[in-house]
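Enquirer: here is a sequence together with a model predicted from it:
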Amino acid sequence: MTPPEHFAIGFALGNLAYSSFQLSKGIREDKYKKITYTKTIIIMTLSAMLPDIDSFFGHYTSNDPWVGHRGMTHSFIGISVLGLGLVFLMGMLSSLFRIITGYWRLLYKYFSKKEGIQIEFNFGKFIFYPFYYKTFLLYFLIAFIGGLSHLVCDLFQPPSVWGGLPLFFPLKVNGVYHRIGGFSTMGWYELKVFWITVGSVFISTAIILIVNFLKKLNFKLFKYLTITLFILVILFHLTTFVWSAKIILNGNYKDDFDWYKKQMSTIEKEMPTFVNNFTKKSVRIFSAIFKASQKS
Ligand SMILES: [Zn+2]
């Protein structure tokens with residue numbers, strides 16, 4: 001799949017994960033286990049795209065997992081290392097930001113104390129908060145799920161020169177790196193799945209933003225409404241994932257020409273005109289970028 005597709009799937013999974021976490025009461029009540037919507041989406045979408053960074057280094061067409069595309073970044077170890085790095089980097093950035101905002105809160109605490117008002121604020125804890133182990137582990141879990149979504153999607157594509165993914169890297173069988181996948185039930189991208197996912201993300205994001213707004217208003221009656229809406233988001237995404245999985249599993253890849261013809265006829269027959277035009281233009285632009293990146 002292409003980066004826009006991995007991004008869309010990551011976004012959908014982010015909305016699903018966030019809604020599930022919000023429904024879990026324990027997480028909502030413990031302030032050190034609180035995960036934010038923005039960070040969930042950033043970590044999930046980035047980790048869903050990250051394995052493909054191996055397209056920019058080494059030799060794209062090599063089947064050596066150390067240097068080729070679909071190499072070690074497309075393995076359980078690969079997504080764990082990438083996920084850990086990503087979450088650590090996010091934590092660092094958060095802490096840097098907190099040093100500035102925390103400084104002002106510290107000043108406020110200092111001056112308000114003089115007037116006899118006590119506010120609870122721990123500067124050190126506040127700065128290291130993103131690295132609190134429960135928060136860190138939850139974000140790592142999110143990054144791992146994002147990476148996993150990338151591997152699952154790639155498994156169903158053609159084997160091409162790589163012969164699948166080295167999921168259990170650095171495992172070797174009979175002296176060669178073990179590879180799995182290349183099932184060929186889909187081609188290099190799947191436009192119908194992409195648009196189903198994009199559409200569902202628009203709807204679920206709107207619902208989540210409304211829910212988060214309602215929560216700020218803090219009316220008691222809204223509590224049940226927000227719970228209902230979160231459940232709705234979860235069920236909605238589970239349905240669209242099953243729908244997408246059915247499309248991918250029932251597909252069939254013979255060769256590039258046949259697959260491309262099928263993709264184009266699907267968007268022509270089943271999609272509105274503006275989606276059809278937009279898709280064709282985007283496909284052209286992305287193919288040009290891809291070809292240019294392969295030449296250099
Ligand atoms: Zn990939």
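Expert: Yep, that arrived. Residues are numbered from 1 along each chain as shown.
Enquirer: let's see the strand or helix carrying residue 9 as CSV, backbone CA atoms only.
Expert: Assigned by DSSP states H and E, residue 9 belongs to helix 3-23. Presented in CSV, the C-alpha positions along helix 3-23 are these (Å, rounded to 0.1, in the frame of the first residue of the first chain):
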residue,chain,number,x,y,z
PRO,A,3,1.7,6.2,2.3
PRO,A,4,-1.7,7.9,2.0
GLU,A,5,-3.4,4.5,2.5
HIS,A,6,-1.3,3.6,5.5
PHE,A,7,-2.0,7.1,6.9
ALA,A,8,-5.7,6.7,6.5
ILE,A,9,-5.7,3.3,8.1
GLY,A,10,-3.6,4.6,10.9
PHE,A,11,-6.0,7.5,11.5
ALA,A,12,-9.0,5.1,11.6
LEU,A,13,-7.1,2.9,14.1
GLY,A,14,-6.2,6.0,16.1
ASN,A,15,-9.8,6.9,16.4
LEU,A,16,-10.7,3.4,17.4
ALA,A,17,-7.9,3.2,20.0
TYR,A,18,-8.7,6.6,21.5
SER,A,19,-12.4,5.7,21.8
SER,A,20,-11.6,2.4,23.4
PHE,A,21,-9.2,4.0,25.9
GLN,A,22,-11.8,6.7,26.8
LEU,A,23,-14.4,4.0,27.5
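Enquirer: okay, now the residue of the stretch 151-296 of the chain found nearest the ion: neighbour count?
Expert: Distances between the stretch 151-296 of the chain and the ion by Cβ to the ion are smallest at residue 154, namely 4.4 Å. No exception for glycine: its C-beta is placed from N, CA and C like everyone else's. Counted by other Cβ atoms under 10 Å, the residues lying close to residue 154 total 21.
Enquirer: verify the stated contact: it with residue 71.
Expert: No - look at residue 154 against residue 71 with Cβ atoms under 8 Å: they stay out of range, at 11.7 Å.
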